[in-house]
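A.B. asks: Below are the sequence and a predicted model for it; my questions follow.
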Amino acid sequence: MTKRALLGLGLTMTLVASATLAAGCGDGAGKDSDSGGSAPLVGVDYPRSDTDFWNSYITYVPTFADDLGVDLKTTNSQNDIANLISNAQTFMSQGVKGVVMAPQDTAAIAPTLQQLAAKKIPVVTIDTRPDSGEVAMVIRADNRAYGTKACRFLGTKLGGKGKVVMLQGGLDSINGRDRTEAFHECMRADYPGVTVFGEATDWKADVAASKLQTRFASDPDIKGIYMQSSFALSGTLQILKQRGLQVPASDPKHVFVVSNDGIPEELADIGRDLIDATVSQPADLYARYGLEYVKAAIDGKTFQPGPTDHHSTIIQVREGLLEDQLPAPLVTKDGAPVAGEPTVKFDDRSLWGNTA
């Protein structure tokens with residue numbers, strides 16, 4: 001994928017040029033190891049393995065660890081905050097020098113972050129931002145932009161009127177809250193004629209399918225669906241098929257569907273006219289920059305707000321907390337602008353879902 005590079009490659013342009021560090025060359029680089037060599041030992045907790053998006057992330061992590069000369073200890077918290085807390089304790093007992101995690105409950109992780117900070121073990125969080133606590137960097141896409149892009153797509157396709165269902169993620173997660181709030185705010189401001197039914201699903205596919213089925217029973221004239229993650233994809237398509245609604249966009253019965261993630265199946269479904277759009281969340285870049293930032297933090301490097309050389313922007317979320325907001329484009333079948341904003345064509349090879 002990438003050639004072994006200096007550590008500074010791909011990080012913010014505000015990093016001091018003299019701070020580059022050659023990647024480790026030990027035989028155990030990138031493997032689960034207690035190696036005493038120069039490669040730092042990093043603990044990576046995978047948040048779950050029940051979605052295509054996170055399974056893709058899991059496959060990318062060892063590859064980038066090899067590229068960067070990082071030894072790994074890995075766990076999987078399976079969407080359970082108690083498991084994540086326990087896994088973090090295990091990492092500390094194993095002597096890791098840094099931790100990469102993606103807490104799905106962004107409030108309950110705070111005491112664990114305090115423990116890691118007290119031991120001077122830097123943490124980088126992927127995809128989610130802790131509600132409180134200290135981390136070296138947050139790696140996310142702009143999740144409010146996810147909600148806004150989905151809103152503008154559906155609002156435009158529905159001509160500013162009709163009913164849409166928003167299959168929300170978990171509202172105990174900053175991601176679920178950001179996507180939900182932005183979608184509602186955009187609809188109220190720009191498409192007041194659209195009625196939004198918000199359905200909380202806790203990121204669970206069976207819950208999403210059940211609530212969507214119930215909503216169609218009470219409101220059969222639903223014309224749009226916003227899935228906050230691809231976890232709801234299979235159930236949504238099954239329900240649309242059962243109700244005879246898998247028809248071309250030109251058919252008045254068509255229900256416009258926009259998702260989040262950009263997994264290969266979503267891109268293929270756009271090409272087959274089964275869904276209409278998705279926001280491509282960068283699974284590959286989450287893996288790459290999570291490891292790059294934690295390795296830099298282990299070496300004592302710090303970062304500043306501003307543009308980066310990997311087409312993102314570091315923002316200051318609150319005092320002492322920085323977030324690198326990676327690009328996440330809206331993907332459509334034709335790549336035509338929506339509400340004046342650019343989109344990417346579904347078969348574009350720049351999308352990680354087309355090269356995974």
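C.D. replies: Yep, that arrived. Numbering: from 1, shown residues only.
A.B. asks: what helix or strand is Lys225 on?
C.D. replies: Quick fix: residue 225 reads Ile, not Lys. strand 222-227 (DSSP states H and E).
A.B. asks: Now do that strand: distance to the chain's middle.
C.D. replies: 21 Å (Cα atoms, centre = their mean, to the nearest Å).
A.B. asks: Who does that strand pair with, and is each partner parallel or antiparallel?
C.D. replies: Sheet pairing for strand 222-227, assigned by DSSP bridges, gives strand 161-168 (parallel), strand 256-261 (parallel).
A.B. asks: all strands of the stretch 101-250 of the chain, in order?
C.D. replies: Taking DSSP state E, counting those that start in this stretch, the strands of the stretch 101-250 of the chain run over residues 123-126, 137-141, 161-168, 193-200, 222-227.
A.B. asks: what's the closest of those strands to Asp324?
C.D. replies: strand 137-141 (5.4 Å; Cβ to Cβ). Placement of C-beta: from N, CA and C, glycine included.
A.B. asks: Strand partners (parallel or antiparallel) of that closest one?
C.D. replies: For strand 137-141, using DSSP bridges, the partner strands are strand 123-126 (parallel), strand 321-326 (parallel).
A.B. asks: any idea which of these is most buried?
C.D. replies: Highest mean neighbour count of the strands paired with strand 137-141: strand 123-126, a mean of 27 (counted as mean count of other Cβ atoms under 10 Å).
A.B. asks: what does it contact?
C.D. replies: If you take Cβ atoms under 8 Å, 6 or more residues apart in numbering as the criterion, strand 123-126 is touched by 47, 57, 98-103, 113, 116-117, 134-140, 286, 290, 293-294, 297.
A.B. asks: which ones are touching the spatially most central residue of the chain?
C.D. replies: Central residue of the chain (Cα atoms, centre = their mean): Asp127, 4.4 Å from the mean position. Applying Cβ under 8 Å, 6+ apart to Asp127 gives the contacts Pro47, Ala102, Ile139, Arg140, Asn175, Gln281, Tyr286.
A.B. asks: switch the cut-off to 6 Å
C.D. replies: Each residue near Asp127 by Cβ atoms under 6 Å, 6 or more residues apart in numbering is listed here: Ala102, Arg140.
A.B. asks: give me phi/psi at it?
C.D. replies: Main-chain dihedrals, Asp127, degrees, to the nearest 10: phi 70, psi -30.
A.B. asks: ok, His103 touching Ile109?
C.D. replies: Check again: residue 103 is Pro, not His. Yes - using Cβ atoms under 6 Å, Pro103 is in contact with Ile109, at 4.0 Å.
A.B. asks: out of those two, which sits in the more crowded spot?
C.D. replies: Pro103 (30 against 25; other Cβ atoms under 10 Å).
A.B. asks: roughly how far apart are the more buried one and Leu351?
C.D. replies: Pro103 sits 27 Å away from Leu351, going by Cβ to Cβ, to the nearest Å.
A.B. asks: what do you get for Met137?
C.D. replies: Taking Cβ to Cβ, one finds Met137 at 24 Å from Leu351.
A.B. asks: higher neighbour count, these two?
C.D. replies: Legend: neighbour count by other Cβ under 10 Å for Met137 and Leu351, higher for Met137 (27 against 21).
A.B. asks: in the sheet, who's paired with the more buried one?
C.D. replies: The partner residues for Met137, given DSSP bridges, come to Val124.
A.B. asks: Now do it, the pLDDT please.
C.D. replies: pLDDT for Met137: 98.
A.B. asks: ok, now Ser93?
C.D. replies: So, for Ser93, pLDDT stands at 97.
A.B. asks: And for Ser35?
C.D. replies: 38.
A.B. asks: Ok, Thr20 next?
C.D. replies: 31.
A.B. asks: what's the answer for Gly24, then?
C.D. replies: 29.
A.B. asks: Equivalent analysis for the one 5 residues further on, please.
C.D. replies: In the prediction, the pLDDT value recorded for Ala29 is 33.
A.B. asks: Hmm, Gly340 and Arg152 touching each other?
C.D. replies: No - in this structure, Arg152 is not within contact of Gly340 by Cβ under 6 Å, at 8.6 Å.
A.B. asks: neighbouring contacts of stretch 202-211?
C.D. replies: Leu167, Gly169, Gly170, Glu199, Thr201, Phe231, Ala232, Gly235.
A.B. asks: Just send those residues back as CSV, with distance to Arg188 too.
C.D. replies: Output for those, formatted as CSV (distance: Cβ to Cβ, whole Å):
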residue, distance to Arg188
Leu167, 19
Gly169, 20
Gly170, 23
Glu199, 18
Thr201, 22
Phe231, 26
Ala232, 23
Gly235, 28
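A.B. asks: top of those residues by neighbour count?
C.D. replies: Within the contacts of stretch 202-211, most neighbours by other Cβ under 10 Å means Ala232, with 30 neighbours.
A.B. asks: For that residue, list the residues it contacts.
C.D. replies: Listed by Cβ under 6 Å, 6+ apart, the contact set of Ala232 reads Leu167, Ala208.
A.B. asks: how about a cut-off of 8 Å?
C.D. replies: By Cβ under 8 Å, 6+ apart, the contact set of Ala232 is Leu167, Thr201, Ala205, Ala208, Ala209, Leu212, Ser259.
A.B. asks: now, the most widely separated pair of those residues?
C.D. replies: Ala209 and Ser259 (14.2 Å).
A.B. asks: quick one: which helix or strand includes Gly95?
C.D. replies: Going by DSSP H and E, Gly95 is not in any helix or strand.
A.B. asks: what about it, distance to Lys119?
C.D. replies: Using Cβ to Cβ, one gets 10 Å for the distance from Gly95 to Lys119.
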